[in-house]
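Undergrad: Sequence and predicted structure are below.
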Amino acid sequence: MKYYLKLGFVLLIITVIASGILAYINTITQPIIERNQQIAQENARKEVLPAAISFEEVTGDPTYFIGIDSDDNIVGYTFVASLYGYSSNVETMVGINPEMVIEKIKIISQSETPGLGANCEKPEFQAQFSGKQKSDMKVNKDGGAIVSLTGATITTRTITNSIKTALNKLDIPIENTAEEVE
Amino acid sequence: MAWLKEFTKGFIKENPVFVMALGLCPTLAVSSSVINAIGMGLAATFVLVFSNMFISLIKNLIPSKIRIPAYIVVIASFVTIVDMVMHAYLPAIHKSLGLFIPLIVVNCIILGRAEAFASKNNVFLSILDGLGMGLGFTLALVVIGSIREILGAGQFLGMNVLPATYKPMLVAILAPGAFIVMGLLMSLMNLTKKK
């Protein structure tokens, strides 16, 4: 009996020391990880809406940011559209102007098939979304304006549909904010 | 010069991937590009060196009945440290390696070296063994990763190395390519050994 208590005690000491060390390292790395994520989001927002110099967060479904230029004018909105694709959640940062026309999109997170779906990160693919509207958000195979990636129709459809859904949800809140500012 | 042998045996003679066939799951999964291979290899090397060192230090304090859970706690702690540090300072590599960093915990190479070597040898030799085995693992990953990245994407470390007319052999960076490349390299190793 005493022997088994000793075994448990030894393991207890080892785990206590280990968790102490881990807790200490976590306090160092946690703030850096959070800051990195914020910077990455901020950079992605600036990239899809270059005219804006500052952003104002509006929480809701979905949460979006109002882009404001140096003269306090609303130059557009950014939001993250997200939907499950072929093998991963695909997150896209989208920038639109006040007329709901897409300025630019940027895929911020995906792990689709390398060489096929993962090609959605290529600038040539993302560029075709610029200047498109909600009504254009359909893949060419479904009779729409978005040219799908070779061998990755599902990924293309995911991105297109996620943007379309988000734009649908955003319609009303964006009209309201525009009125408030005027 | 016995200590030198403990260091170099992991490269070719007892290479963890090609000869001992350990740690194949991460090998197959992360060797689709050279940068992933290097990141994974160095992360595993770090864990191997420190877990070997620690286990060698405390080997006389641990009753043999609970040695495996004790080793796992030590290994898991170092893996978590690597995971958090990489997430903070190397976010890009951390993102592409994803789940495979936490999975270093169950990489058989690390527990295997702890059980087979560090629990029987002194600290100095255990560190050398861990370093050698880790670098051998990294070497294997980089070799597989280079072949797959060059054939499958026409790139090396993200730079185009083949002419633009080359049409990438997609299969090389997909899962089957990993099995094919690793199988060919293993048979090559066996062929040279027999002669």
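TA: Perfect, thanks for sending it.
Undergrad: For residue 118, give me its contacts.
TA: Chain wasn't specified; assuming chain A. Counting by Cβ atoms under 8 Å, 6 or more residues apart in numbering or on different chains, residue A:118 makes contact with A:110, A:111, A:112. For every residue, glycine as well, the C-beta is placed using N, CA and C.
Undergrad: actually chain B
TA: Remark: with contacts taken as Cβ under 8 Å, 6+ apart, residue B:118 is in contact with B:51, B:52, B:53, B:55, B:56, B:59, B:126, B:129, B:130.
Undergrad: If you rank the residues you listed by neighbours, which is first?
TA: Highest neighbour count within the contacts of residue B:118, by other Cβ atoms under 10 Å in any protein chain shown: residue B:130, with 31 neighbours.
Undergrad: Which helix or strand contains it?
TA: Residue B:130 belongs to helix B:123-153 when assigned by DSSP states H and E.
Undergrad: That helix near chain A anywhere?
TA: Yes: residues of helix B:123-153 contacting chain A under Cβ under 8 Å from any Cβ of the partner chain: B:152, B:153.
Undergrad: quick one: pLDDT of the residue lying closest to residue A:28 once chain neighbours are set aside?
TA: Distances taken as Cβ to Cβ, 6 or more residues apart in numbering or on different chains put residue B:88 closest to residue A:28, at 7.8 Å, once the chain neighbours are dropped. Note on residue B:88: pLDDT of 90.
Undergrad: got it, and residue B:143?
TA: pLDDT recorded at residue B:143 is 93.
Undergrad: So what does the spatially closest residue to it that is not a sequence neighbour look like in phi/psi?
TA: Nearest residue to residue B:143 in three dimensions, chain neighbours excluded: residue B:185, at 6.7 Å (Cβ to Cβ, 6+ apart). Main-chain dihedrals, residue B:185, degrees, to the nearest 10: phi -70, psi -40.
Undergrad: burial measure for residue 42, as a count.
TA: Went with chain A since none was named. Look at residue A:42: counted by other Cβ under 10 Å, it has 12 neighbours.
Undergrad: my bad, the chain I had in mind was chain B
TA: Neighbourhood size, residue B:42 [other Cβ under 10 Å]: 19.
Undergrad: cool, and residue A:61?
TA: As a burial measure, residue A:61 scores 9 neighbours (other Cβ under 10 Å).
Undergrad: residues touching it, list them.
TA: Residue A:61 touches residue A:169, counting by Cβ under 8 Å, 6+ apart.
Undergrad: Name the SS class of it, please.
TA: coil (DSSP: H, G, I helix; E, B strand; the rest coil).
Undergrad: per-residue confidence for it?
TA: The model's pLDDT for residue A:61 equals 74.
Undergrad: ditto for the one 4 residues further on
TA: For residue A:65, the pLDDT comes out at 86.
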